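Student: coordinates only, no sequence provided:
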């Protein structure tokens, strides 16, 4: 299982540009990663956000449906998240970070697995329900 965090602040969601591997470098994703054995999906997201972005997050509701990854061996599941305290994301493992409104979601090229999540997230951001 792969988990991702749609970190939302002030009506915008955090998008992260991949720096590697070369075939996806420059494409955009939600931060996250693999759920380790014995770890809950939420705990994995808290850990991944700390490792990738140096932030503490509170995990919220699921966004969209399960998305089968391109290689077919894993499933991506994305949750909303919010920053805790005064933490601000740092691009520790990404080439660039951007905060995007619902109208700006199409200004970046998303990884194929993240595209259905972007579609599900758009109306939530637009109406301010997340």
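Tutor: Yep, it's here. In this text, all values refer to a predicted model and were calculated from it rather than measured experimentally.

Student: now do the strands in the protein.
Tutor: Along the chain, counting by DSSP state E, strands occupy 2-9, 12-18, 28-29, 32-34, 57-68, 75-83, 94-100.

Student: and these: which comes nearest residue 41?
Tutor: Set against residue 41 and scored by Cβ to Cβ, the strands of the chain come closest in strand 2-9, at 4.9 Å. Any C-beta I mention is one placed from the backbone N, CA and C, and that applies to glycine too.

Student: buried set for the closest one?
Tutor: For strand 2-9, a neighbour-count test (16 or more other Cβ atoms under 10 Å) marks 2-8 as buried.

Student: make a markdown table from the residues you listed and add pLDDT and distance to residue 33 to it.
Tutor: Formatted as a markdown table, those follow (pLDDT from 0 to 100; distance: Cβ to Cβ, whole Å):
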| residue | pLDDT | distance to residue 33 |
| --- | --- | --- |
| 2 | 96 | 7 |
| 3 | 98 | 7 |
| 4 | 98 | 8 |
| 5 | 98 | 10 |
| 6 | 98 | 15 |
| 7 | 98 | 14 |
| 8 | 96 | 19 |
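
Student: adding distance to residue 62, write those out as JSON lines.
Tutor: As requested, those are exported to JSON lines (distance: Cβ to Cβ, whole Å):
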{"residue": "2", "distance to residue 62": "14"}
{"residue": "3", "distance to residue 62": "10"}
{"residue": "4", "distance to residue 62": "11"}
{"residue": "5", "distance to residue 62": "11"}
{"residue": "6", "distance to residue 62": "10"}
{"residue": "7", "distance to residue 62": "15"}
{"residue": "8", "distance to residue 62": "14"}
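
Student: hey, what's residue 82 bridged with?
Tutor: Bridge pairing for residue 82 (DSSP bridges) gives the partners residue 58.
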